[in-house]
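In: Just a sequence and a predicted model for now, questions to come.
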Amino acid sequence: MKNKNSVKILYLLIEKRVRPARFIEIYRKNSGNINKTLNYFYQYKELKIESQEVKKYFSSPGNSCYKKAVSFILENKVGLLDIGQDSYPDILRQIYCPPPLLFFRGDKIKSADFCVAVVGSRKCSAYGRDAAEYIGRNLSGIGITVVSGLAVGIDSYAQKAALKEKGGSIGVLGCGIDIVYPPENRDLYQNIQENGSIITEFLPKTPPLKSNFPVRNRIISGLCGGVVVIEAGDRSGAIITSEMALKQNREVFAVPGSIFSPMSSGCHKLIKSGAKLITGIDDILEEFSDYQKQTLNMSNKSRRYKTRKDVDSSSKNLTSDESRVYEFIGCRPKSIEEIVKYSGLEVSSTLRVLTSLEIKRLIKEDFFNKYSRLF
Amino acid sequence: MYPIDYMCICIYNWIMFFKLDSFTLIGIDAIKVSVEIHISRGLPDFIIVGLPGKAVSESRQRVRSAIINSGFDFPVKKIIVNLSPADIKKDGSFYDLPIALSILAVSGQIGHSLFKDSCFIGELSLDGNINPVKGLISMAEETLAIGKKFFFVPFRIARQASFIPEINIIACKNLTETAEALSGEKQMIKFIYKNKGISNDASPGGQDFKDVKGQLKAKRALEIAVSGRHNIMLIGPPGSGKTMLAQRTVSIMPVLSLEECVEVTKIYSLYEKYVSHLIWQRPFRNPHHTVSRMGLVGGGVNPRPGEISLAHKGILFLDEFSQFSKNLIEDLRQPLENKKVVITRNHMSYSFPCNFMLIAAVNPCYCGYFGDESGKCICSLREVKKFWKKMSGPVMDRIDMRVTVSRLPEGDFIKMEYAENSDSIRNRVKRSIDIQSERFKGKDINYNSEIKIDTVNKWMKDSQKIRELIYTISKKYNLTARGTVSILKVSRTIADLEESRFIKENHITEAVHYRVGSSCNPEGIIGI
């Protein structure tokens, strides 16, 4: 509770039921001066605020539901980030209705300088998972923070992958910061606080109501320069996020899927209506040329996806059997039967070679018993 | 025949008491039962005592008709038959022939010099013919054990019991023949069952591994599974050939030895009456998933072997494993561990052997197409997870190998490619089993699958290379501790197949394939 302004905003929102939109309206009227804004509210007679009351309120939290929430914040070291602070993301401040106060855990939200959102279906296919992991890993690898909604499916795959790299990840919740929703992601909740952060505008103990999520989605797109949609159905949260992104003047990217797959139909609709089709992260970076110049040059070395050259050099360490099998396995998945036939090896030795290639991260099993190169 | 006043004349020549030996079954074992008969004056009556079941009580009518229709006389006297030991419940139609013969003997209609060395079993039909009974083979063994020379059996299934050279199997078609055989040694020789040839017609019924096109990994996996007696689960979309592979697995198992053969036949002779000869083929049991608990494990008022016992020394194949109710699968736990199932009823415990190899076939998800190239799968990963969570943990723990089977591309069915036949695979399997029994001599285990955890830990401790490799693999494939133990056991079997004394690294890298944990198996959700 270092920042007095945060506390004051919290008090207004909780105890005096000031709507965030109203707060922002006044904030904008005062041309972004937080002190003037607060003065406006605190001197406003109808709210009947006495400064003594505010002090007392925080020194001895009582029994009311809101007070419990406050004591929770104090006890659990939940961070408060108000719109007046310098570390409040500029890009978020610019949207139509930014949250006046954010609850957060993990410091990434203060330090992240450029974010891209990766959103998609909770019900994703293996292809969607691979795409989410690929994009999450590579964005994070060049220092871009991946923002998403911590839901199961695409969101969590992208975030888990991003957390392993330096860019980290920010998760935006649709419930109070003390609630782990969905419960499957408990591990992710713990891990994300080290190299990322979780943020929410909802007060502690707010349950994950259905109506919270579209509200939350505006923060996801608001924090980011662009939104990548992977596997979204026709009417899904990811589509809502992309609509928000358009309103907020953000870029929308869509990863294509099979034309027969109902899971990708939303993405295809987006592409038809003008979203950028992407097949790799270079397509994303193209759109942020300023950023590309600033940051990419220095971090080019750390780009983690393998180029052709990398692969060739690493294949020097292979045994003759391994390189023969590796040569044969291309982009199209090859079945074990085909590999055995081509290489002329025994089934048992083929299986051994496949495992060692897999451990060396040169190939992957796309479908049951079908292998292709890993790029 | 006898004169009309036979009754009056012979009455003083009658013996009042007579006794002969027969058998009853407890579980799969036969025990001796003495059929005692006492005939006395009084109101004509025919009583059977000694805890007879319904079928035994009804035998009075069959015996009476059979005696009369075979041209003998049924004494109009008070007849009491006792089945001793009297405190064991007796059921079945075993005692028709013994009771009939005892009546004939006690009434002096046949000679009784040969009864001392003989045992009898058989069901009579009303015209005096002898019908088959269950459990004949166990009784033949017991005949030898109690030191009798002759065993009178129903003609139609005599071959089943004729594998013991020390006893003479007397196979009679009807009561008249039996009476003739009992009239003297000379006459008896005529009826001794001569087909003692223990023929081994173990042709695997035309089902051969060479019929399976492709599926190289699955075939290799089954070879390893049979060698180390690892239970195996085949995971694959519909139409990928899981059932076909499982059915052919019996053909690569080593041929049954005579002892094993007798054990299997014992169980089958309890299950059905018309087992005409020894069963030389490894059993392959394929119960439907609607099977009842009793049908699977065995049981009933008079306990019968269930499917797991019928699969003794062979294969129990559970197709659509996920459809079996959880209770049924849980029931397999103890039998898988103890290799026998003990069924306790209020008066007695029955033990049936069930040393089988389990093959489970299962689809990878609800719709069945997860991991299939066609991309037909409509399940989300969450649903796939849910599908696998349902599987019983403790039973899955006992399944060392989980192998994915994929569908052949269209058109590959008609390609004529060379595939190894079952005979040559069987030879390799046999060799590796020999190596194992050599190694486990004097221990209470026979196969690599039964290796205890401390042995596995010792392997890890002894070799740094293995330890490092296991570490890399378990990290790469998200393996559990139990998964790595299974991989090591399977590696041991692979090493045995190559006649290698130690587990090498490439044995382990191969074994990884038989424990699903690959990049197309996110977070190892399949085969948990």
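Out: Sure thing, it's come through.
In: in chain B, which residue is closest to the centre?
Out: Centrality entry for chain B: nearest residue to the mean C-alpha point is B:Leu310, 3.2 Å, by Cα atoms, centre = their mean.
In: residues touching it, list them.
Out: Contacts for B:Leu310 (Cβ atoms under 8 Å, 6 or more residues apart in numbering or on different chains) come out as B:267-268, B:271, B:283, B:285. Glycine gets a C-beta too; all of them are placed from N, C-alpha and C.
In: Please report the number of neighbouring residues for whichever residue of the stretch 101-250 of chain A sits closest to chain B.
Out: In the stretch 101-250 of chain A, the residue that lies nearest chain B is A:Lys123 (3.6 Å; Cβ to the nearest Cβ). Per other Cβ atoms under 10 Å in any protein chain shown, the neighbour tally for A:Lys123 reads 20.
In: so what's the backbone phi/psi at it?
Out: Phi and psi for A:Lys123, reported as degrees, to the nearest 10, are phi -100, psi 90.
In: thought it was touching A:Met263?
Out: Yes - contact criterion Cβ atoms under 8 Å: A:Lys123 and A:Met263 qualify, at 7.0 Å.
In: Find residues that contact each of the two.
Out: Between them, A:Lys123 and A:Met263 share these contacting residues under Cβ under 8 Å, 6+ apart: A:Gly233.
In: For chain A, see how far away the residue nearest to the centre of chain B is.
Out: B:Leu310 is 32 Å from chain A, where distance means Cβ to the nearest Cβ, to the nearest Å.
In: Could you confirm B:Ile79 falls within a strand?
Out: Yes - counting by DSSP: H, G, I helix; E, B strand; the rest coil, B:Ile79 falls inside a strand.
In: of all the residues in chain A, which ones are close to chain B?
Out: Within chain A, the positions lying close to chain B (Cβ under 8 Å from any Cβ of the partner chain) are A:122-126, A:129, A:152-153, A:184, A:258, A:260-261, A:333, A:335-337, A:340, A:347-349, A:351-352, A:354-356, A:358-359, A:364-370.
In: Is it possible to mark the buried ones in the residues you listed?
Out: Buried by 16 or more other Cβ atoms under 10 Å in any protein chain shown: A:122-126, A:129, A:152-153, A:261, A:333, A:335-337, A:340, A:347-349, A:351-352, A:354-356, A:358-359, A:364-370, out of the residues of chain A next to chain B.
In: can you give me the helices for the stretch 51-200 of chain B?
Out: B:54-69, B:96-106, B:136-145, B:158-161, B:175-181, B:185-189 (DSSP state H, counting those that start in this stretch).
In: which residues touch A:Ser349?
Out: With contacts defined as Cβ under 8 Å, 6+ apart, A:Ser349 is in contact with A:321, B:506.
In: Please repeat the previous calculation with a cut-off of 6 Å.
Out: Applying Cβ atoms under 6 Å, 6 or more residues apart in numbering or on different chains to A:Ser349 gives no contacts.
In: Can you name the helix or strand that it falls in?
Out: For A:Ser349, the element it lies in under DSSP states H and E is helix A:347-359.
In: Whatever helix or strand comes next after that helix - contacts with which helices or strands?
Out: Next in sequence after helix A:347-359, counting helices and strands by DSSP H and E, comes strand A:363-367. Packing partners of strand A:363-367 (3 or more Cβ pairs under 6 Å, 6 or more residues apart in numbering or on different chains; DSSP states H and E): strand A:370-373.
In: Show me the strands paired with the strand it packs on, marking each as parallel or antiparallel.
Out: When pairing is defined by DSSP bridges, strand A:370-373 lines up against strand A:334-335 (antiparallel), strand A:363-367 (antiparallel).
In: Which residues does the shortest one contact?
Out: Under the criterion Cβ under 6 Å, 6+ apart, residues A:369-371 lie in contact with strand A:334-335.
In: Same question for stretch A:125-134.
Out: Identification of contacts with stretch A:125-134 by Cβ under 6 Å, 6+ apart yields A:154, A:157-158, A:161, A:230-231, A:255, A:263.
In: can I assume B:Lys89 is in contact with B:Leu51?
Out: Yes - the criterion here is Cβ atoms under 6 Å, and B:Lys89 meets it with B:Leu51 at 4.6 Å.
In: picking up where we left off before, highest average neighbour count across the helices of the stretch 51-200 of chain B?
Out: Mean neighbour count (mean count of other Cβ atoms under 10 Å in any protein chain shown) peaks for helix B:96-106 among the helices of the stretch 51-200 of chain B, with a mean of 26.
In: so how far is that one from its chain's centroid?
Out: Averaging C-alpha positions (Cα atoms, centre = their mean, to the nearest Å) puts helix B:96-106 33 Å from its chain's average.
In: got the angle between that helix and helix B:54-69?
Out: Helix B:96-106 runs at 50 degrees relative to helix B:54-69, counting by axes from the mean of the first three to the mean of the last three Cα atoms, to 10 degrees.
In: Counting by contacts, list what helix B:96-106 packs against.
Out: Applying 3+ Cβ pairs under 6 Å, 6+ apart, one finds that helix B:96-106 contacts strand B:17-26, strand B:29-40, helix B:54-69.
In: quick one: contacts for B:Ile252?
Out: B:Ile252 makes contacts with B:226, B:422, B:425-426, B:429, as judged by Cβ under 6 Å, 6+ apart.
In: In these, which has the lowest confidence score?
Out: Within these, pLDDT reaches its minimum at B:Ser422, with 88.
In: So the residue nearest to B:Met253 when sequence neighbours are not counted versus chain A, what's the distance?
Out: Spatial nearest neighbour of B:Met253, excluding adjacent residues (Cβ to Cβ, 6 or more residues apart in numbering or on different chains): B:Arg282 at 4.9 Å. With distances taken as Cβ to the nearest Cβ, B:Arg282 is found 24 Å from chain A.
In: got it, and B:Tyr95?
Out: Counting by Cβ to the nearest Cβ, the gap from B:Tyr95 to chain A is 58 Å.
In: Would you indicate which residues of stretch B:237-252 are buried?
Out: Within stretch B:237-252, the residues scored as buried using 16+ other Cβ under 10 Å are B:237, B:240-252.
In: Then stretch B:376-389?
Out: Using 16+ other Cβ under 10 Å as the test for burial, stretch B:376-389 gives B:377-385, B:387-388.
In: you'd agree B:Val342 is in a strand?
Out: Yes - under three-state DSSP, B:Val342 falls within a strand.
In: Counting neighbours, what do you get for A:Asn3?
Out: A:Asn3 has 14 nearby residues by other Cβ under 10 Å.
In: Low-confidence regions, the stretch 201-350 of chain A specifically.
Out: The stretch 201-350 of chain A contains residues with pLDDT under 70 at A:290-316.
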